[in-house]
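Asker: just coords:
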Ligand code: PMP
């Protein structure tokens, strides 16, 4: 067991940056006014929120007026989808991909039941969508194309600018879930970018949970999802989560100053982990493209291993990772992302997502490699079905059949 817990689950959530926490502290004290109040107390809070808006707008290279603060990306994705469809009432087709987050997929699947036609683009073995498939599917009936910038499980990056250009050729609106891109890739929403809506979430880049931002391009149609107040220029009702917003603003400010350095560091740590694991573990595959990939993410498939057992043993060893997406952990459903990529079932079961952050240290990576490789070895030795190709001599025909059935069904 490592002495200090090692956190390698940064696509689930991140450590709040000390700078973000410090920026919030005055809001626990003198700056407690309601930002909508016209008196001095309220105006102080308003001032902090508008500073945050400027920082977030700078991170995305857009206008501050194009930022709508909300509770996070689940709300942002829901809002963008409904706003786009409302803006194109005569069109009844939505295009997305099979590897989107549930906050997009479940919404469009719900809309499908109420009369929309939905196309979920396929991905190839490396997790890439095919722009030709998008060109074939899109038509004058397509209201919205919604694609993630980078996948939360594999880190695979989508060609969003090219996809946006295709959407524009057909007059469709384009929404991008950029939750995993923020702080890890450059996002540039200058006027030429074909993106109408884009979602980010503060807790994924060292802010606090429960605060996000939705970019809505100046001329894009908009419909508030949450109504009953004039807040956020009439675009999102409810007293602002001032603490979450201020923390997100400070975290964005930090990225505006230092993102290039953070990216370099994350890549170094992730690559160190990847090469260490490949050197020490047999039967390990890397899921997803290794070039078009976020600098912090490694999705590793330990063949013939039960991912839940691996996760539990890693947790006992003080190493935090997740299998597939966090919301899937605890369930035996294989990851919809890896399934869409046709990852062999023998590897889906033992697929684990390792995600570093700018705070990850090389000593942590080295300790994690030692622990993980030891645990993988032990698990394979313990299981009569583990590592079947090497241990098949010791298995009865019945055991081998059971093994095959297990890895071929779930
Ligand atoms: N989209 C993606 C790609 C995500 O990874 C997540 C968080 N797991 C979300 C949306 C939802 O974000 P939030 O936690 O802010 O609701």
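Answerer: Sure, I can see it. All values reported here derive from a predicted model rather than from experimental measurement.

Asker: Show me the beta-bridge partners of whichever residue of the stretch 201-350 of the chain sits closest to the ligand.
Answerer: Residue of the stretch 201-350 of the chain nearest the ligand, by C-beta to the nearest ligand atom: residue 201 (3.2 Å). Any C-beta I mention is one placed from the backbone N, CA and C, and that applies to glycine too. With DSSP bridges as the criterion, residue 201 is bridged to residue 212.

Asker: domain parsing for the chain?
Answerer: Domain assignment for the chain, taken from automatic domain parsing, gives 6-13+258-407, 18-255.

Asker: Okay, now the last one: how far is its last residue from its first?
Answerer: So the one you mean is domain 18-255. 13 Å (C-alpha to C-alpha, to the nearest Å).

Asker: what separates it from the chain centre, distance-wise?
Answerer: 12 Å (C-alpha atoms, centre = their mean, to the nearest Å).

Asker: How about the contacts made by the residue of the stretch 51-200 of the chain found nearest the ligand?
Answerer: Closest approach between the stretch 51-200 of the chain and the ligand, counting by C-beta to the nearest ligand atom: residue 72, at 2.7 Å. By C-beta atoms under 8 Å, 6 or more residues apart in numbering, residue 72 lies in contact with 201-203, 209-212.

Asker: Next up, phi/psi of residue 352, please.
Answerer: Residue 352 adopts backbone torsions of phi -130, psi 140, taken as degrees, to the nearest 10.

Asker: surely residue 336 meets residue 98?
Answerer: Yes: with contacts defined as C-beta atoms under 8 Å, residue 336 counts as touching residue 98 at a distance of 7.0 Å.

Asker: that older thread, now the phi/psi pair for the residue of the stretch 51-200 of the chain closest to the ligand, please.
Answerer: phi 140, psi -170.

Asker: do the longest helix along the chain and the ligand meet?
Answerer: Counting by DSSP state H, the longest helix found in the chain is helix 242-280. No: using C-beta under 6 Å from any ligand atom, helix 242-280 stays clear of the ligand, coming no nearer than 10.3 Å.

Asker: any idea of the mean pLDDT for whichever helix or strand comes after that helix?
Answerer: With elements assigned by DSSP states H and E, the helix or strand that comes after helix 242-280 is strand 284-286. Computed over strand 284-286, the mean pLDDT rounds to 96.

Asker: who does strand 284-286 pair up with?
Answerer: Assessed with DSSP bridges, strand 284-286 is paired to strand 297-302 (antiparallel).

Asker: model confidence over the partner strand, on average?
Answerer: Rounded mean pLDDT across strand 297-302 is 96.

Asker: was I right about residue 360 contacting residue 8?
Answerer: Yes: in this structure, residue 360 is within contact of residue 8 by C-beta under 8 Å, at 7.3 Å.

Asker: Shouldn't residue 310 be within a helix?
Answerer: Yes: per DSSP: H, G, I helix; E, B strand; the rest coil, residue 310 lies within a helix segment.
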